[in-house]
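A.B. asks: Sequence first, then the predicted structure, then my questions.
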Amino acid sequence: MASDCPPDRPYDGIKGCSVSIAVDTMAEGERIFNALKEGGTVEMPYEKTFWAARFGALVDQFGVPWMINCEKER
């Protein structure tokens with residue numbers, strides 16, 4: 001579960017953690033990664049790594065860090 005900040009509480013971004021999404025297919029991960037990177041900053045491209053079929057890290061336009069991970073090539 002996640003929530004936005006109420007208007008009476010100042011938001012200074014998320015620091016020290018990332019939201020991680022595990023996906024079932026590389027295509028699903030690519031779709032999510034591409035949507036989140038619009039207006040954001042890519043920290044690590046969505047690509048093959050030694051631990052995953054595809055992994056990418058980014059900070060979205062609102063300052064939220066994300067990690068997208070797909071373990072198997074499907």
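C.D. replies: It's in.

A.B. asks: all contacts plus neighbour counts: C-alpha atoms, from now on.
C.D. replies: Fine.

A.B. asks: Show me what the host helix or strand of N69 is packed against.
C.D. replies: N69 belongs to strand 65-70 when assigned by DSSP states H and E. Counting contacts by 3 or more C-alpha pairs under 8 Å, 6 or more residues apart in numbering; DSSP states H and E, strand 65-70 packs against strand 19-22, helix 26-37, strand 54-59.

A.B. asks: Tell me the spacing between the residue nearest in space to the middle of the chain and R9.
C.D. replies: With distances taken as C-alpha atoms, centre = their mean, the chain has W66 as the residue nearest its mean C-alpha position (2.6 Å). Noted for W66: a distance of 22 Å to R9, by C-alpha to C-alpha, to the nearest Å.

A.B. asks: quick one: the strand holding N69 to strand 54-59, angle?
C.D. replies: Per axes from the mean of the first three to the mean of the last three C-alpha atoms, to 10 degrees, the angle that strand 65-70 makes with strand 54-59 is 170 degrees.

A.B. asks: Give the pairing partners of strand 65-70; include direction for each.
C.D. replies: In the sheet containing strand 65-70, its partner strands are strand 19-22 (parallel), strand 54-59 (antiparallel), by DSSP bridges.
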